[in-house]
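# need a structure here:
(4 chains)
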2 protein chains.
Amino acid sequence: MGNERIIGATGLEQETGLGKDLLRKWRARYGFPIPEYVREQGGWLYTDQQITQLRLIRRLLDGGFRPGQIVGAPTEHLTALLASLPCGGEICCERPVIEELIELLASNAIEALDERLERERRKCSAREFVIDLLAPLTTAVGDAWAAGKLAIYQEHLCSSLLMARLNEELRGLQAQPNYPRIIFATPGEETHVLGLLMARVVLADSGAECLDLGAQVPAEELNQAAQACRADMVALSFSFAYPRRKVRPELLRLRHLLPASVAIWAGGKGVEAIRRPPAGVSLFSDLGRAAEMLHELAGVRS
Amino acid sequence: MGNERIIGATGLEQETGLGKDLLRKWRARYGFPIPEYVREQGGWLYTDQQITQLRLIRRLLDGGFRPGQIVGAPTEHLTALLASLPCGGEICCERPVIEELIELLASNAIEALDERLERERRKCSAREFVIDLLAPLTTAVGDAWAAGKLAIYQEHLCSSLLMARLNEELRGLQAQPNYPRIIFATPGEETHVLGLLMARVVLADSGAECLDLGAQVPAEELNQAAQACRADMVALSFSFAYPRRKVRPELLRLRHLLPASVAIWAGGKGVEAIRRPPAGVSLFSDLGRAAEMLHELAGVRS
DNA sequence: ATAATGCATTTGTCCGTGACAAAGAAGTGA
DNA sequence: TCACTTCTTTGTCACGGACAAATGCATTAT
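As a prediction, this is how the structure comes out:
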């Protein structure tokens, strides 16, 4: 296992969420990161060091730092800054279960992980299972990856496992009268579906009728679908990776397209930082609150 | 409903699978497509006409035409060429069931569609269900979309429905002794997971132990996962949208990384055009054949 | 003192161009 | 007919410039 990894600029984009153009600009402006070109492989060679730094930078940017302050900085400096951030370097494990689960994942004990989840599932309702266990678990897994405790493939493995579970939960849930018909989708550039699925389980469990359009649905298509299916609501999920500045315009455009009778709910890590929602759009950073809102809404209707 | 649609270049990329850079080059080389810049929307305005042409061009390219012959051509010319293609403009509906299902989808009768699938499901084994119904249905839906008979959102809706179904099928399938442990994933830039899921159901139904890594797994991670989980095989799915030229290099790189004891199987529309597979890689355009191979392999082992 | 406004700077994305390598086509000789 | 070599087409990347949105800072008004 060498301490250098060849990754095409596009591959690096996958890992860090930092675009090709942006990395080029950084290289020009701050002199970092400068990869080495390897002829025989036909690709750029980034050192592990550089990749680590880029990951740290990504997290610091999310934490509010500006690129000019951190992009050229040495690793120690970055880690120091990260530690100074509230909830920065630490993995938030409020519940010991979650730590256990992550340990299992780290040691590739997939079957054991699945069984452990099954046991936890029996202890509570579907809603609690998702809100109090799976959601925190997902963010904890993300943190553990960023901290280098998990490999990406383990995160993927976990996602896949959770998605299968969530799909199971969805079975047999019946829509209740007076509860809205909701279309779930992920906006334009968002590929992460796990959060969306969790939301679907929670709201379906609460009695809503749910239709899923999956990932990367353009606003125009969403509008068509909402009208064709006579939906009462559109639910969107923005992950942490969604470019912040694009959230509001996307929501505004959708609000402009959709008839006023169709509500728009948006959730996920990507909208937590948004202060005031655009008019006619509801933001949720908490699935529990969304479920409450749903019940209120249905109560008014009946 | 206007006859013009605003789509950012990136949005168009979604719809047609044609990258931003490529469209720019085409515009410079062939004078097409030239969108109009709209200041107040801050985006490029592509006419429906242009989008239709681009879709047709996409299909013609898949059919073997070269860009220089078709990129500037008028719509009628393109449709004529498409009709001249074997199985070109037609939707291949070998089985009338599929046509029925598509009709249901076109009229947004999702529940009815689901019930119809359920009825078909009872008639046959899981394996036949996937191979003889779902797989053809998926390609038929793609064709219907390309022909303008379905909107994208309907395709998405169908995908989501099928994925839920397939996940159900997966439940309760037990791995059999002597059958390999397989890791499923989608390579670097591939986001389509439906084909992968179908393959997983077929092979799991045949007795393999399946682990899913989901979409967009870089070769390095795949290697790590394969070694950590002691997998016997890696199964990849390339959709029609995967850039042809990248298939072979990706497979070669993976073959180079993985230990020789780990088999590589690749399938999907994206590999059908590949004539000879790289050494040490098996290509499948047919899930049935893959299942047969699996049984042979297990027979040898036992 | 606080909030609000206007100006300067930072920063991410897109564009047009040129370079280049891989794939395809065409030509050549056995 | 097949293998091999040129020539052409074609997709992707790098580069530098341009630009708009976001941010920071200073000034003013309440």
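# Just the element for the residue of chain A found nearest DNA strand C, please.
Distances between chain A and DNA strand C by C-beta to the nearest atom of the strand are smallest at residue A:68, namely 2.7 Å. From N, CA and C alone the C-beta is placed, and that goes for glycine too. Secondary-structure assignment from DSSP states H and E places residue A:68 in helix A:67-70.
# and that helix, does that touch DNA strand D?
No. On the criterion C-beta under 7 Å from any atom of the strand, helix A:67-70 is out of touch with DNA strand D, staying 9.1 Å away.
# returning to what we had before: how about the residue of chain A closest to DNA strand C: what's its closest non-neighbour residue?
Closest residue to residue A:68 apart from its sequence neighbours, by C-beta to C-beta, 6 or more residues apart in numbering or on different chains: residue A:30 at 7.5 Å.
# How many residues are close by the one you found?
Neighbour count of residue A:30, defined by other C-beta atoms under 10 Å in any protein chain shown: 14.
# what comes into contact with the helix holding residue A:68?
If you take C-beta atoms under 8 Å, 6 or more residues apart in numbering or on different chains as the criterion, helix A:67-70 is touched by A:26, A:30, A:57, A:60-61, A:77-78, A:81.
# Contact residues of the stretch 201-302 of chain A facing chain B?
Neighbours of chain B within the stretch 201-302 of chain A, by C-beta under 8 Å from any C-beta of the partner chain: A:211-218, A:220-222, A:224-225, A:228-229.
# Filter the residues you listed down to the ones in strands?
If you go by DSSP state E, these have A:211-212 in strands.
# wait, which of the residues of the stretch 201-302 of chain A next to chain B is closest to residue A:142?
Proximity of those to residue A:142 (C-beta to C-beta) peaks at residue A:215, which lies at 17.7 Å.
# Return the residues in contact with the residue nearest to the closest one when sequence neighbours are not counted.
Spatial nearest neighbour of residue A:215, excluding adjacent residues (C-beta to C-beta, 6+ apart): residue A:186 at 4.3 Å. Going by C-beta under 8 Å, 6+ apart, residue A:186 touches A:192-193, A:196, A:214-217, A:236-237.
# Kindly report the same for residue A:72.
By C-beta under 8 Å, 6+ apart, residue A:72 lies in contact with A:30-32.
# Repeat the analysis, applying 6 Å as the threshold.
By C-beta atoms under 6 Å, 6 or more residues apart in numbering or on different chains, the contact list for residue A:72 reads A:30, A:32.
# I'd like the distance between it and DNA strand D.
17 Å (C-beta to the nearest atom of the strand, to the nearest Å).
# now do residue A:259
For residue A:259, the distance to DNA strand D equals 26 Å [C-beta to the nearest atom of the strand].
# What subset of the residues of the stretch 201-302 of chain A next to chain B is buried?
Neighbour-count burial (16 or more other C-beta atoms under 10 Å in any protein chain shown) applied to those gives A:211-218, A:220-222, A:224-225, A:229.
# coming back round to it: give me the subset of the contacts of residue A:186 that lies in helices.
Applying DSSP state H to the contacts of residue A:186, the entries found in helices are residue A:196.
# And the furthest pair within the contacts of residue A:186?
Farthest pair in those (C-beta to C-beta) is A:192 and A:217. Separation: 13.4 Å.
# where in the stretch 151-300 of chain A is pLDDT low?
Judged by pLDDT under 70, the stretch 151-300 of chain A has its weakly predicted residues at A:273, A:275.
# rerun that using 90 as the cut-off
For the stretch 151-300 of chain A, the stretches flagged by pLDDT under 90 are A:151-153, A:171-172, A:187-192, A:215-221, A:238-257, A:268-286, A:298-300.
# coming back round to it: could you tell me how far the next helix or strand along the chain from the helix holding residue A:68 lies from the centre of the chain?
Downstream of helix A:67-70, the next assigned helix or strand under DSSP H and E is helix A:75-84. Taking the mean of its C-alpha atoms, helix A:75-84 sits 24 Å from the chain's own mean (C-alpha atoms, centre = their mean, to the nearest Å).
# per-residue confidence averaged over the following helix or strand past helix A:75-84?
On the C-terminal side of helix A:75-84, the nearest following helix or strand under DSSP H and E is helix A:96-106. Averaging pLDDT along helix A:96-106 gives 94.
# Briefly note if helix A:96-106 comes near chain B.
No. Counting by C-beta under 6 Å from any C-beta of the partner chain, chain B is not contacted by helix A:96-106; separation bottoms out at 10.1 Å.
# Can you show me the CA trace of that helix as PDB?
The C-alpha trace of helix A:96-106 is given here as PDB (Å, rounded to 0.1, in the frame of the first residue of the first chain):
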ATOM      1  CA  PRO A  96     -23.300   4.300  22.700                       C
ATOM      2  CA  VAL A  97     -25.200   2.100  20.300                       C
ATOM      3  CA  ILE A  98     -24.000   4.200  17.400                       C
ATOM      4  CA  GLU A  99     -20.400   3.800  18.400                       C
ATOM      5  CA  GLU A 100     -20.900   0.100  18.500                       C
ATOM      6  CA  LEU A 101     -22.500   0.000  15.100                       C
ATOM      7  CA  ILE A 102     -19.600   2.000  13.700                       C
ATOM      8  CA  GLU A 103     -17.100  -0.400  15.200                       C
ATOM      9  CA  LEU A 104     -18.900  -3.300  13.500                       C
ATOM     10  CA  LEU A 105     -18.900  -1.400  10.200                       C
ATOM     11  CA  ALA A 106     -15.200  -0.600  10.600                       C
END
